[in-house]
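**Student:** Fold the following, please.
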Amino acid sequence: NFMSDNKLKSLTHIFNESFFRIPDFQRGYSWGEHQLNDFWEDIENLKKGRTHYTGLLTVEQVTSTEILKSERWSDDVWLIERGMSAYYLIDGQQRLTTSIILINEILRDLPDDSEFNFKEVSYWKDKFLYQKFKDEYVSYMFGYERDNPSDEYFKTKILNRTSSTSDKVPERTLYTQNLYFAKEYFKGKVKDLPHEEKEEVFKKIIMSFKFNFYEIDDDLDVYVTFETMNNRGKPLSNLELLKNRLIYLSTLIEEDDGLKLRLRKDINESWKTIYEYLGKNKEKPLGDDDFLKDHWITYFEYNRKESDVYAKFLLNDYFTPKRVLTNKLSYNEIKAYVDSISTSIKHYYNIFNPEKSNLDDEIKTWLERLNRLGHTFFVPLIMVTLEKEENSKKIS
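**Tutor:** As a prediction, the model looks like this:
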C-alpha cells in the first residue's frame, strides 16, 4: 500500500487518482480569521524551493463494495469504475478544505482553456475540484458526504456550481458561515495579484505544502481515532465531540440495522438543526458549549461544583461505549436525549432573540428585559418554561 510509508506528500500527489469526502460524524468547517491569517502567512513566508510541513491528513479508504451499496455515493460510482480511489477524511479536514477553497478562488476567473502553471486550467479543475463526463456525471474531488448540511452549500456557494438539487436553498449554519468567510477572505487576497504571483501561490499550495498522509487500518476504530486526534487550530467543542460519540454508540447498540441507521440519521438531523439555530443570528452567534451545558441542566441535573462537570458527565459517565455494551444505555434513551436537545435549541434561540420569535408579545417583552439584565443562571429555567408553554398549547 503506497500510503503506509509515511513520506510527506504534496496535494499534487494526494489528489493523484483519489477523491475525498468528509464523513457525517466530523465537525464542520470551524476556521475563522485568525487561522486563515496564519495559513496565508505560511504561504507568503515560504521561500522558493522550500517546503512547508502543513500537518497530518488521516484518511480511511472506502471500499468499492461500500460505494456500490450506498445511496450517498451514487454520483461517484463512475469514478470508482474508472479506477479512482475514494477516501474518508478523518483528520486534517480544516487544512484541506482551506486549501481547496483557495485553489478554487485562484482558478475561478481563468478561462478553462487558458494556460496556467504549464497546464490548461481545466486540467487543474479536474484534479482538485470536480470532473465531468459528457452531460451525464459530475463528481467532486473533495467535499462532504451527501447527508452533511455543508455538502450542498460547498458545491453551490463555495465552488459556484449548480447542483442537481440546487432548487433547495442550502441551509445556513455556523459552519457554512465559516466556509463563506474563508471564500471571501481568499477572494480578497488573490483578486488583484498579477498572473505570475497567482501562479506562485498556486505552486506553493499544490507542491510545497506537504502533508503527513496517514491511512488508518480497518481494525483501528475511526470514531475513537477522531476523538483522540489533536485538532491543531481549534479544539473540538464538547457539542462536536458528543455528536461523534452518539454516532459511534449508534453502531454498537443491539438493534437491527434499519433502527441503527434511523438513529444515525436522527443524530445528524438534530445537530444540523442545532448548528443552524446557533448561527441563525449572524450578528450574535450563540456558543455551542453554553447551549450544551444549559440543556444538560434541564435534562439531567443542576450542578455547580466545577465548570466542566456537564461535559465529564455526558462524555465520561453517561454516553459511554461501556454502558451500551453492558445494556445500561438503550436505544430509547439515546433517542429521547437526541429528540430533546433538538427541541430545546429553538427555545434557546428564542430566549436570546425574542424579537425574531413568534412568541406572545408579553413574553417577548419580558425576555427582552431579561436580556438587558443578563440572565445566565436562568436560561435553563426559561427553556423548560417555554417548552412547557408550547406543549400546553399543542394539547389544548
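
**Student:** low-scoring stretches of the chain, by residue?
**Tutor:** In the predicted model, the chain carries pLDDT under 70 at residues 1-6, 163-170, 217-222, 224-225, 227-234, 303-306, 395-396.

**Student:** so where does residue 390 fall, helix or strand?
**Tutor:** With the criterion set as DSSP states H and E, the secondary-structure element containing residue 390 is helix 379-395.

**Student:** List the contacts of that helix.
**Tutor:** 294-295, 297-298, 302, 343-344, 347-348, 350-351, 359, 363, 367, 370, 375 (CB atoms under 8 Å, 6 or more residues apart in numbering). Where C-beta positions appear, they are placed from N, C-alpha and C, glycine not excepted.

**Student:** Run through the helices of the stretch 251-396 of the chain in chain order.
**Tutor:** Taking DSSP state H, counting those that start in this stretch as the criterion, the stretch 251-396 of the chain carries its helices at 257-278, 288-299, 309-312, 321-325, 331-352, 361-373, 379-395.

**Student:** Tell me which of those sits nearest to residue 128.
**Tutor:** Among the helices of the stretch 251-396 of the chain, the nearest to residue 128 by CB to CB is helix 257-278 (26.9 Å).

**Student:** Which other helices and strands does that closest one contact?
**Tutor:** Applying 3 or more CB pairs under 8 Å, 6 or more residues apart in numbering; DSSP states H and E, one finds that helix 257-278 contacts helix 149-153, helix 174-190, helix 238-252, helix 288-299, helix 331-352.

**Student:** Could you identify which of the ones you listed is most buried?
**Tutor:** helix 149-153 (a mean of 23; mean count of other CB atoms under 10 Å).

**Student:** Which other helices and strands does it contact?
**Tutor:** strand 142-144, helix 174-190, helix 257-278.

**Student:** Any chance of TSV for those, columns distance to residue 54?
**Tutor:** Listed next are the helices and strands packed on helix 149-153 as TSV, based on distance: least, CB to CB, whole Å:
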stretch	distance to residue 54
strand 142-144	15
helix 174-190	16
helix 257-278	27
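
**Student:** got the contact list for residue 205?
**Tutor:** Applying CB under 8 Å, 6+ apart as the definition, the contact partners of residue 205 turn out to be 11, 43, 99, 102, 103.

**Student:** Pull the most distant pair out of those residues.
**Tutor:** Of all pairs drawn from the contacts of residue 205, the one with the largest separation by CB to CB is 11 and 43; the distance is 12.9 Å.

**Student:** Show me the helices in the stretch 101-250 of the chain, by range?
**Tutor:** Using DSSP H, counting those that start in this stretch, the helices of the stretch 101-250 of the chain run over residues 121-128, 149-153, 174-190, 195-203, 222-228, 238-252.

**Student:** Take those helices and write them to JSON lines, including distance to residue 260.
**Tutor:** Shown next, in JSON lines, are those (distance: least, CB to CB, whole Å):
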{"stretch": "helix 121-128", "distance to residue 260": "35"}
{"stretch": "helix 149-153", "distance to residue 260": "21"}
{"stretch": "helix 174-190", "distance to residue 260": "25"}
{"stretch": "helix 195-203", "distance to residue 260": "44"}
{"stretch": "helix 222-228", "distance to residue 260": "14"}
{"stretch": "helix 238-252", "distance to residue 260": "5"}
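
**Student:** how about these, which one is nearest residue 39?
**Tutor:** With CB to CB as the measure, helix 174-190 is the member of those nearest residue 39 (9.2 Å).

**Student:** about what we covered before: what's the angle from the helix holding residue 390 to helix 331-352?
**Tutor:** What separates the directions of helix 379-395 and helix 331-352 is an angle of 100 degrees, with axes from the mean of the first three to the mean of the last three CA atoms, to 10 degrees.

**Student:** tell me which residues in helix 379-395 are buried?
**Tutor:** Residues of helix 379-395 classed as buried by neighbour count (16 or more other CB atoms under 10 Å): 379, 380, 382, 383, 386, 387.

**Student:** Once you drop chain neighbours, what's closest to the fourth one?
**Tutor:** This means residue 383. Taking CB to CB, 6 or more residues apart in numbering as the measure, residue 383 lies nearest to residue 347, with 4.9 Å between them; neighbours along the chain are not counted.

**Student:** measure the one you found to residue 324 for me?
**Tutor:** As defined by CB to CB, to the nearest Å, residue 347 lies at a distance of 29 Å from residue 324.

**Student:** returning to what we had before: looking at the helices and strands packed on helix 257-278, which is closest to residue 95?
**Tutor:** In this view, the helices and strands packed on helix 257-278 are compared for proximity to residue 95 by CB to CB, and helix 174-190 is the closest at 11.6 Å.

**Student:** Which neighbouring elements make contact with the closest one?
**Tutor:** Counting contacts by 3+ CB pairs under 8 Å, 6+ apart, the secondary-structure elements packed against helix 174-190 are helix 33-45, helix 93-107, helix 149-153, helix 257-278.
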